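[1] Dropping a prediction and its sequence here:
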Amino acid sequence: MMFSTVAFSQTLQPVKWSFTTEQSASGEATLILKATIEKGWHVYSQNIGDGGPVKTTFTFTPSSDYELIGKVTEGKAIEFFDKNFDMPLAYFSGEAIFKQKIKINNSKPFSVPGSVEFMVCDDEKCLPPTSVEFQIKVPGL
């Protein structure tokens, strides 16, 4: 008799990203980049110093359809001194909302492509940095 055993390993994915658009009548829109973070895990702010964990970083693919206005903003992060990295850090738990304003240059609907790189940790471990690609739909003018 032959026995076969199949083992399935479940990859930890404690962060789920969603991407939406809020449009104003002034020819501008705000891209909403939201991380939903499982209990016990956290994602680092984009505003931390070098030499520590991987900070959250957004990259937008340039296009004639839109122009970035300023930089990505974020909500209020939890700040603390991390003994492991020997430096002050800031992170989000539960949920993190980032926003990027754009000027719309196209009357037709289009997408803003890009990616977000981030690191997620709990009290015991950090997962390797992850990059998630996105296509954010914008209705046009």
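    Yep, it's here.
[2] what residue ranges in the protein score low on pLDDT?
    Within the chain, the stretches with pLDDT under 70 are 1-11.
[3] Residue nearest the middle of it, spatially speaking?
    Nearest to the mean C-alpha position of the chain, counting by C-alpha atoms, centre = their mean, stands residue 116 at 4.8 Å.
[4] any idea which helix or strand carries that residue?
    Here residue 116, judged by DSSP states H and E, is contained in strand 110-118.
[5] Output the contacting helices and strands for that strand.
    When contacts are defined as 3 or more C-beta pairs under 8 Å, 6 or more residues apart in numbering; DSSP states H and E, strand 110-118 sits against strand 28-37, strand 57-60, strand 130-138. The way it works is simple: take the backbone N, C-alpha and C, and place the C-beta from them, glycine included.
[6] quick one: strands adjacent to it?
    The pairing partners recorded for strand 110-118 under DSSP bridges are strand 57-60 (antiparallel), strand 130-138 (antiparallel).
[7] so where do the strands sit in the protein?
    Taking DSSP state E as the test, the strands found in the chain are 15-23, 28-37, 42-44, 57-60, 66-74, 78-82, 87-92, 95-104, 110-118, 120-121, 130-138.
[8] on that earlier part again, now the strand holding residue 116: buried residues?
    Applying a neighbour-count criterion of 16 or more other C-beta atoms under 10 Å, one finds 110, 111, 112, 114, 116, 118 buried in strand 110-118.
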